[in-house]
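[1] Here's my sequence, what's the structure:
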Amino acid sequence: MTPQEYAERTRAMEAKLRDIGELLGVAIDQAGWGFCLMMFDFGTDGVMSYISNAQRENMIHILHEFLGRLSAGDRGTLGGREQASWNAEVKS
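    I've put the predicted structure just below:
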């Protein structure tokens, strides 16, 4: 993929993410929930991006915890646990 093709693909993906993110935000606004949506091309040279209604610092914390859970074999549910640590705000 040429640099120009990569840039065009990135712009198209980010535009689609903004459209979907707006819909998600409206759908969950009253519930007080957060969301993160990742999109990517399959393959080694693909584009990857995400959109979220959380602050970047919180998303970094959430993604680290989520990866830890996946690595430990958790299927991504709370499974009866008490409050998950990623629900807490990250201190600046």
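[2] Chain neighbours aside, what residue packs nearest to the residue nearest the centre of the chain?
    Using C-alpha atoms, centre = their mean, the residue of the chain that lies closest to the mean C-alpha position is residue 36, 2.9 Å off. Among residues not flanking residue 36 along the chain, residue 52 sits closest, at 4.2 Å (C-beta to C-beta, 6 or more residues apart in numbering). Any C-beta I mention is one placed from the backbone N, CA and C, and that applies to glycine too.
[3] Check residue 6 too.
    Residue 6's closest residue in space is residue 47 (C-beta to C-beta, 6+ apart), at 6.6 Å.
[4] thinking that neighbour is in contact with residue 9, fair?
    Yes - counting by C-beta atoms under 8 Å, residue 47 touches residue 9, with 4.7 Å between them.
[5] Which neighbours do the two have in common?
    Both residue 47 and residue 9 are contacted by residue 41, under the criterion C-beta atoms under 8 Å, 6 or more residues apart in numbering.
[6] Show me which of these two is the more surrounded one.
    For residue 47 versus residue 9, neighbours defined as other C-beta atoms under 10 Å are more numerous around residue 47 (19 against 16).
[7] List the contacts of that one.
    6, 9, 10, 13, 40, 41.
[8] Filter the residues you listed down to just the ones in helices.
    Using DSSP state H, the subset of the contacts of residue 47 located in helices is 6, 9, 10, 13.
[9] Which members of the residues you listed define the maximum pairwise distance?
    6 and 13 (10.5 Å; C-beta to C-beta).
[10] Which residue of those two possesses the greater neighbour count?
    Between residue 6 and residue 13, counted using other C-beta under 10 Å, the more crowded position is residue 13 (19 against 14).
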